[in-house]
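Q: I would like the atomic coordinates for the input below:
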Amino acid sequence: MIFLISLDTTLWVGGLVRIDFAGGDNADIFINASNKISLHRTSTGKANEIYLKHFGTSILYPSYNKKIEGVEFVSREVIIKFNNQGIGTHEIAIAGLGWFDFKAPYRKTHHIKLIVYTPKNVGILIRPALLNVNIARPKPVQSKTVKPDA
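A: Here you go, the predicted structure:
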């Protein structure tokens with residue numbers, strides 16, 4: 001799956017991982033995980049509300065625990081840098097879940113800042129990008145008014 005993330009955007013990966021976009025220009029995030037995990041993009045201001053309201057539902061499935069009590073999240077600040085083609089030089093791997101690649105489609109910035117929240121006992125690794133693939137983003141269609149010949 002691919003999501004466009006921008007400032008003040010949060011991506012919930014099930015009830016397991018929260019990724020807040022905290023700085024830089026828009027970027028695409030490529031999620032390499034099971035298609036049985038729900039993905040939910042929201043504004044960062046609503047992220048806690050979404051978690052409390054939808055914990056254990058199909059919006060935040062699966063969750064780390066069956067009960068919301070006792071799940072302690074820890075946060076890590078992550079900086080992802082981009083090469084001159086706008087491809088992330090590193091990716092985030094989360095134990096037992098999958099990994100996340102990044103691309104800056106408009107190449108206005110050389111890095112993005114993320115805050116990644118995982119349950120306390122879940123490992124996270126920032127590693128050099130394994131694929132480092134330039135996946136083209138579809139270009140928007142430009143509409144044009146054409147005058148008929150007189």
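
Q: which pLDDT value goes with the most centrally placed residue in the chain?
A: Centroid-nearest residue in the chain, with CA atoms, centre = their mean: Ile29, separated by 4.8 Å. At Ile29, the pLDDT value in this model is 89.

Q: my guess is it contacts Thr10, does it?
A: No - with contact defined as CB atoms under 8 Å, Ile29 does not reach Thr10; the gap is 11.5 Å. All C-beta spots, glycine's among them, are computed from the backbone N, C-alpha and C.

Q: who touches both of these two?
A: Both Ile29 and Thr10 are contacted by Ile19, under the criterion CB atoms under 8 Å, 6 or more residues apart in numbering.

Q: Phe73: what's it in contact with?
A: Arg18, Tyr117, Thr118, Pro119, Lys120.

Q: turn these into CSV, columns for secondary structure and pLDDT.
A: Shown next, in CSV, are those (DSSP: H, G, I helix; E, B strand; the rest coil; pLDDT from 0 to 100):
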residue, secondary structure, pLDDT
Arg18, strand, 94
Tyr117, strand, 95
Thr118, strand, 92
Pro119, strand, 88
Lys120, coil, 88
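
Q: quick one on the thing from earlier: next one: the residue nearest to the centre of the chain from Ser75, what distance?
A: From Ile29 over to Ser75 the distance is 17 Å, taken as CB to CB, to the nearest Å.

Q: do the same with Ser34
A: Applying CB to CB to Ser34 and Ser75 gives a distance of 24 Å.

Q: okay then, goodbye and thanks.
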